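S.K.: Okay, predicted coordinates and the sequence, questions at the end:
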Amino acid sequence: MSGVIAKAGEGPKARRPAARAENAAITLPAPFSDWFARRGWKPRQHQLALVEQSRARRSTLLIAPTGAGKTLAGFLPSLIALTESPRPKQGAGLRTLYISPLKALAEDISRNLVAPVSEMGLGISIETRTGDTSVARRARQRVKPPQILLTTPEQVALMLSGSDAGYVFADLDTIILDELHALAPSKRGDLLSLGLARLNTFAPGLVTLGLSATVARPSELLSYLVPQRAPELVCAMADLVVAPPGAEPEIDILEIEEPVPWSGHSARYAMHEIYRAIAAHKTTLVFVNTRMQAELVFQELWRINDKSLPIALHHGSLDKARRLKVEAAMAEGRLRAVVATSTLDLGIDWGDVDLVVNVGAPKGASRLAQRIGRANHRLDEPSAALLVPANRFEVLECRAALEAAKAGEQDAVISRAGALDVLAQHVLGMACHGPFAPDALFDEVRSAAPYAGLTRDRFDRVVDFVATGGYALRSYERFARLRPTDDGRLRLAHPSLIRQYRMNAGTIVEAPMIKIRLVGQRRGRSLRKPGSPQPLMGGRVLGEVEEYFIEQLAPGNTFVFAGEILRFEGLSETEAYVTRAPGADAMIPSYAGGKFPLSTHLAKRVRAMLADRSRWADLPTPVAQWLGLQFEHSELPGADDVLIETFPRRSRHFMVAYPFEGRLAHQTLGMLLTRRLEREGAQPLGFVANDYGLAIWGLGDLSARFANGSLSLARLFEEDMLGDDLEAWLAESSLMRRTFRNVAVISGLIERKHPGREKSGRQVTMSTDLIYNVLRRHDPGHILLEAAWEDAATGLLDIARLGQFLTRARGRIRHQALDRVSPLAVPILLEIGVEPVGRLTREDLLREAAEELIAEAMQGGVVHETTIGDRDAREKHHANARAQARTPRRR
Amino acid sequence: MLELKPERLDVGEFSQQPISISGRSFVADVSGALYWPAEDILVVADLHLEKGSAYASRGVMLPPYDTAATLERLAATIDAYPAATVVCLGDSFHDCAAAERMSLADRETLAILQEDRHWIWLNGNHDPVIAECMGGVTLHEITVSGLAFRHEPTQGPVTHEIAGHLHPAARVSFHGHVIRRPCFVGNGMRLVLPAFGTYAGGLNVLDDAFTPLFGHDGLSVLVLGQEGLYPIASRLLKED
C-alpha cells in the first residue's frame, strides 16, 4: 500500500482523496538520491509525497507510524529547497523552523539531522534553541539565525515578542511541527497556535508540515496547521498524507495458569512470564502506566533475575543524569530490557527493540499503537507486543484494546477551545513586539484554530485584563500596561514590561510535588485544649506524589502509598504528614491506574463485551467464571444501561455504580453523589473510584430507602448535579485554588519569578490564595475566574464526560438491591486498600483481607435470594443465568 | 493551607484573649487588633492600604479590592470595640502616594471610622509621610501610661513597648498539621501585633529578626485562626 494524499479545499466538504503520489514524477536532486543509493535505501512514498506537497506550497499533515522515517520526511522538503533555490534574503535568512514539544527531542533530532546533511555535503546551517541555550548564543541567533532552527513553543513565543521578529522571520518558508498529536491538545498547543498565526502574518504563504502519530479524527490537527481565514464560515484544513501502517503488529495477551488478580496494578503474578519473554528476545521495552508500577515491576524483575540480564529503569522522577545514562546504554544495545513509563512515549530513538510488553491496561488504542510502534523500527517486519493485564477488569480492557487495534481504531485528539490565560500572555507578548491594532489582532488570533470560536467580547475582556487587570472597579486606568496611540492602536506603556513578559512567558507551571513524610502515631483525640498537644516524632520521607492527589484528602482519610496504609494528618508547605494506619479501610482511591483515564471508545467496547455473553467464551476461565457469577448474583452492566448495586457489608451500606467513564469523571461523580446523599440524610462515609466504576458507603440503608421511595435513584443521578452542587463543592475545594494559581501565573496576573529569587510552587500558592479569596468576593465575574473554571471543568473534573454519562443514564438506571457484595463490585471495593505493594508482609495482610471479601462474595454456588422484585420471575431468570453462565466455565 | 477546624480546637470562647503587657491588661482580638480597656484604645498595625494599587503601578495588576477589604474588617473591629482612640502602628499606607490613589468610597469609609474618636497615625517605614487629607493626627510614636507605641520594635530586650512592622506569623505543627498564620508575639513585657492588611504577608516568629527582641526563650504567641485566637506553646512552632 502506498501513501495516500487527501487534498483539502476550502472546507471539509471539498476534501477529496487525491490520486496516489506520482512517484515517478518526483525526482530527488542528485545529492539526495545518491545518498539514499549509497545506503541501499529508497525514499518512501510518504517522504516523496511531502516533497511534492511542499513544492506545491501546500501545508500538510503526515500521519505515520513510529519508525516510518517521519522526521526525515518532514525535513527533506526543506533540505531540498535550501539546496536548490538559495533565495535572495529579505530578512535574517531563517528558512525552516522545527518545533518539538521536548527540548531533548529537538537536540536529538539535531544530532540525527546533522549527520546526513554533512554526508550529503549540503552546507546547511542547523542549530537548536531551547531554554538551555546560552544567552549569548540566543542573542546571536536573532541577528544571524541558522537556516534551520530547532526549537520549542516557548522559544517561538519569546522570539515573536521581540521588536525584530519581523526581520528574524521574514524569510521563513517552512514550519515543521513534530509530535503534533501530543502538542496540539494542551495549553502549550494553544500558545503555539497563536505563534503560528503571527508567523503567518510575518511570512504569508508559509508551508506548515505537521508530523503525527495515528489519530482518530485528523481533522482537528488539519485545521490546526493552517490559518482560519473565515472562522465563522468554513474550517480551513491542511492536506493529509497517510503513510502505510506497516506490517500488522503481533499482539498477544498474556494468559497463564495463574489466576488473574482481582484488583491492583502490580501484575506481580505475571513476573516470571515477563522475565521469560525478556530472556527470549534481544531487547524488550516494558511499559507501565505509573512511576510506582515502574519501580515495582523493576524490583520484581530483578528479584527473579537469575541470569543477571541487564534490565534498567526509566521514569520521570529519576534524575536526569540517570535517565540519560539509561538512554545511552539502550541506544548502544547494552540493555536487554528497560522498564519505562510514558516518558518514552514520545519520539526519542531507541535502537533495536524487538518486543514491547505493556503491563496494565493501555487505556487508549492510540497509546497502545504508539507503544507497540517502539518495537522494530523496520516497518516491513511486524512489531511484537505482549499485553499483561494486571487485574480482571484489565483483561477485558486489553481485549477491547486488541480489538480496537485490529479494527485500526484510534483515540481522538480532544479538540479544545483555546485557553484565555494563554491568550492574555500572547496579547502582552504582541504588545512587547510593538503597537497593535485590536481589530487586526482579533482577526489574527481567530485565524488560530483553537481560537476560531473566540467572541469579540471575550477577546476585548482579555485585552482589558492585560491593560488594567479587567476589574469591575475601574481603578487601574492610570497604571494601564497598554495605552492607546493616536492611530487607535495599543502600545506597551513602559519598556520595563518587556522584561516582565519575558520572565513570565510559557505555559508550564510545574505541578508541585508533595513529599510524603511518616510521622509518629497519633495519640488519641485528647486534644481538647490548645497548648497541650502531643509532639509528633518527625519521620522519614516515603516518597513524593503530585499535589493534586494530596489535595483530595481531608485529615483522617487513609490511603495507600509505598505499600502501606497511611492516614493523612495534614499538609505543610511542601510535605504531607502521614501516620501508619494498619488495618484501616483506606477511604480514598490510591494513586493508581495512571494519569490516563480509560478512553471513551475502549470503555464502550468493554461494556459491549460485558453485555454480550456469547463473547465470554473467549475469556480466560477465571474471568468468565467471575462474570457468570455476577450474572447469577446480580446482573451485568448493559452496553448502554447503567447498573447500580446496593448491598450491606459489615455495618455499612454500599452503593456501587459502573459507568465506565474513567477515573476523573468517577471521582467528580463520587464527590457530588456523596454531597447529595449527605443532604438526603443517608450518612455517606466515603467513596472510592477507579476507571470502571465507583463505590460509596455510609451508615444509611440505601436499599431500603430506594425501596420505600424516600430516596430516588433517578433523582440522585439527575444532571442538575453539575449545576449548584458542583458550584458549591468547587467553592470550598482547594482544587479551584490550584487551578486559579496556574491561570494567574500563565495570564501574568502574578509574577512567576523575581530577579534573584524564584518563587517555589507552594509559596506562590499562598499568595494566589489571598487573591483568589478577594476576587471571588469582590469581583465574581472576573475573566480569570471564568478561565479557572473552564480549566477545572476540562481537566481534573472531566465534567464533559460526566455530563455525557448523566445524559446517557437518564431513564436507563437499573438497580439491584443485593444481600451482599457482588462479584463485579469486588475489584472496586478492593481498591479501597490495595496498591502495588512494596513489602511482602503487607501484601500478605492485604491478600488475607481480600480473600475474605472474595469468599464472602463467592459463597458456595448458591446465591441467596433477595427479597426484592417478583420472586418467581427472579428464580426463572437465575435458572437461565446459571445455564448460560456455565458455558464459559466449561472451557 | 488548612483551616483551623473546630474538631481540632474548640473555638467557643477563643475569639478574644486577655493579654498582659508590663502589668497592663489588654484584650487581643481574632481580627488582629489589640484593645486596651483601661484607656479605651484600639490598636492595629500594618494596614498597608493601597498595596494592590502600588503593585498595579509597577505593572502587576493585583485585584484592587484590598483597601476596601481591609477597611471593612477594620470597621467591623471598631464596631466590636467602639474605642475613643484608635492607634495605627505605622505602615498604614503602603507608600506615601497611597492616599492619592485611594478611591473616594474608601476615603469616605475611613472618614466615617474616624468620626467621634481620636485617630492616631504613627509613621512607619512605608509611610514616613502621611497626607493630611487622611485625617487624624500623625506622630512618630506615642506613650500612654508608661507604655510606648511605635512602628518598629526597639532592638534589644526592652519592656513597656507595643509595636508592629515585623508582620509576625507562626508556623504551628501539631498532630501532623502544619498551619501558618499571622499571630501576636510577646513575652509579657512587650508585644508585636500581626499585620492587619488584607495583602500583608507574614514573617515567621522564629526568624532571626525576632531574636534581638525576645532572645531565645520566653516568647509566646497568639495565633489568629478563622474564628479563634489560640495561644500556642513555643515548642510547637516550626521554622519555615
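M.R.: Good, I have the coordinates.
S.K.: remind me, longest helix of chain B?
M.R.: As far as residue count goes, and with DSSP state H defining each element, the longest helix of chain B is helix B:66-80.
S.K.: mind listing what's buried in it?
M.R.: Using 16 or more other CB atoms under 10 Å in any protein chain shown as the test for burial, helix B:66-80 gives B:D66, B:T67, B:A68, B:A69, B:T70, B:L71, B:E72, B:R73, B:L74, B:T77, B:I78, B:A80. C-beta: built from backbone N, CA, C; applies to glycine.
S.K.: Just name whatever secondary elements the worst-scoring helix or strand of chain B on mean pLDDT is in contact with.
M.R.: Least confident helix or strand of chain B, by mean pLDDT, DSSP states H and E, is strand B:168-174 with a mean of 77. With contacts defined as 3 or more CB pairs under 8 Å, 6 or more residues apart in numbering or on different chains; DSSP states H and E, the secondary structure elements packing on strand B:168-174 are strand B:177-186, strand B:203-204, strand B:220-224.
S.K.: which residues are in contact with the helix or strand harbouring A:A787?
M.R.: Of the helices and strands defined by DSSP states H and E, A:A787 is found in helix A:783-794. Residues outside helix A:783-794 that contact it (CB atoms under 8 Å, 6 or more residues apart in numbering or on different chains): A:416-417, A:419-421, A:458, A:461-462, A:464-465, A:470, A:730, A:735-736, A:739-740, A:742-744, A:747, A:749, A:775-776, A:779, A:799-800.
S.K.: The helix or strand that comes right after that helix versus helix A:783-794: what angle between them?
M.R.: Heading C-terminal from helix A:783-794, the first helix or strand you meet, by DSSP H and E, is helix A:799-809. With axes from the mean of the first three to the mean of the last three CA atoms, to 10 degrees defining the directions, helix A:799-809 sits at 50 degrees from helix A:783-794.
S.K.: name the helices or strands packed onto the next helix or strand after helix A:799-809?
M.R.: Sequence order places strand A:813-817 as the next helix or strand after helix A:799-809, per DSSP H and E. Packed against strand A:813-817, as judged by 3+ CB pairs under 8 Å, 6+ apart, are the following elements: strand A:642-649, helix A:702-707, helix A:713-716.
S.K.: Summarise which helices and strands whichever helix or strand comes after strand A:813-817 is packed against.
M.R.: Scanning forward in sequence from strand A:813-817, with DSSP H and E defining helices and strands, the next element found is helix A:825-830. On a contact count with 3+ CB pairs under 8 Å, 6+ apart, helix A:825-830 meets strand A:642-649, strand A:652-657, strand A:694-698, helix A:840-858.
S.K.: change it to 6 Å
M.R.: The elements that helix A:825-830 packs onto, with contact taken as 3 or more CB pairs under 6 Å, 6 or more residues apart in numbering or on different chains; DSSP states H and E, are helix A:840-858.
S.K.: And the contacts of stretch A:92-109?
M.R.: With contacts defined as CB atoms under 6 Å, 6 or more residues apart in numbering or on different chains, stretch A:92-109 is touched by A:71, A:78, A:128, A:130, A:145, A:147-150, A:152, A:167-168, A:171-179, A:182-183, A:347-348.
S.K.: switch to 7 Å and redo it
M.R.: Around stretch A:92-109, the neighbours that count as contacts under CB atoms under 7 Å, 6 or more residues apart in numbering or on different chains are A:71, A:78, A:82, A:128, A:130-132, A:144-145, A:147-153, A:156, A:167-179, A:182-183, A:188, A:192, A:346-349.
S.K.: Would you mind putting the CA coordinates of it into PDB?
M.R.: Once side chains and other backbone atoms are set aside, the C-alpha atoms of stretch A:92-109 remain, and they are given as PDB (Å, rounded to 0.1, in the frame of the first residue of the first chain):
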ATOM      1  CA  ALA A  92      17.700  37.200   8.600                       C
ATOM      2  CA  GLY A  93      17.800  34.100   6.400                       C
ATOM      3  CA  LEU A  94      15.900  31.700   8.700                       C
ATOM      4  CA  ARG A  95      14.100  29.400   6.300                       C
ATOM      5  CA  THR A  96      12.800  26.500   8.300                       C
ATOM      6  CA  LEU A  97      11.500  26.300  11.900                       C
ATOM      7  CA  TYR A  98      11.200  22.900  13.500                       C
ATOM      8  CA  ILE A  99       9.100  22.900  16.700                       C
ATOM      9  CA  SER A 100       9.000  20.000  19.100                       C
ATOM     10  CA  PRO A 101       7.300  19.500  22.500                       C
ATOM     11  CA  LEU A 102      10.500  18.400  24.100                       C
ATOM     12  CA  LYS A 103      13.800  20.100  24.200                       C
ATOM     13  CA  ALA A 104      15.500  16.800  24.400                       C
ATOM     14  CA  LEU A 105      13.800  15.800  21.200                       C
ATOM     15  CA  ALA A 106      15.000  19.000  19.500                       C
ATOM     16  CA  GLU A 107      18.500  18.100  20.500                       C
ATOM     17  CA  ASP A 108      18.100  14.500  19.400                       C
ATOM     18  CA  ILE A 109      16.700  15.500  16.000                       C
END
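S.K.: next one: that stretch to chain centre, how far?
M.R.: Average the C-alpha atoms of stretch A:92-109, do the same for its chain, and the two points are 24 Å apart (CA atoms, centre = their mean, to the nearest Å).
S.K.: what stretches of the stretch 251-400 of chain A score poorly on pLDDT?
M.R.: In the predicted model of the stretch 251-400 of chain A, residues A:257, A:264-265, A:291, A:316-321, A:342-351, A:365-366, A:373-382 satisfy pLDDT under 70.
S.K.: What helix or strand is the closest residue to chain B within it located in?
M.R.: In the stretch 251-400 of chain A, the residue that lies nearest chain B is A:M292 (22.6 Å; CB to the nearest CB). Assessed by DSSP H and E, A:M292 sits inside helix A:291-303.
S.K.: still on that earlier bit, pLDDT (mean, whole number) over the longest helix of chain B?
M.R.: Averaged across helix B:66-80, the pLDDT comes to 96.
S.K.: Now do it: which elements does it pack against?
M.R.: In terms of contacts (3 or more CB pairs under 7 Å, 6 or more residues apart in numbering or on different chains; DSSP states H and E), helix B:66-80 is packed against helix B:104-114.
S.K.: hang on, the earlier thing: give me the angle between the longest helix of chain B and helix B:104-114.
M.R.: Between the axis of helix B:66-80 and that of helix B:104-114 there is an angle of 20 degrees, by the same axes, to 10 degrees.
S.K.: and for helix B:66-80, what are the contacting residues?
M.R.: Helix B:66-80 has contacts (CB under 7 Å, 6+ apart) with A:774, B:29, B:31, B:33, B:42, B:44, B:47, B:49-52, B:86, B:102, B:106, B:109-110, B:113, B:196-199.
S.K.: Show me which residues of the helix or strand following it are buried.
M.R.: Next in sequence after helix B:66-80, counting helices and strands by DSSP H and E, comes strand B:85-88. For strand B:85-88, a neighbour-count test (16+ other CB under 10 Å) marks B:T85, B:V86, B:V87, B:C88 as buried.
S.K.: what pairs with strand B:85-88, and is each one parallel or antiparallel?
M.R.: Each strand pairing with strand B:85-88, determined using DSSP bridges, is listed with its direction: strand B:41-44 (parallel), strand B:118-122 (parallel).
S.K.: Which residues are in contact with B:W121?
M.R.: With the criterion set at CB under 7 Å, 6+ apart, B:W121 makes contact with B:C88, B:S92, B:I130, B:M134, B:G136, B:V137, B:T138.
S.K.: Dig out what it forms beta bridges with.
M.R.: Beta bridges link B:W121 to B:C88, B:T138 when assigned by DSSP bridges.
S.K.: Tell me the confidence at it?
M.R.: 98.
S.K.: same question, A:D641
M.R.: Per-residue confidence (pLDDT) for A:D641: 85.
S.K.: what's the answer for the one 3 residues further on, then?
M.R.: In the prediction, the pLDDT value recorded for A:I644 is 93.
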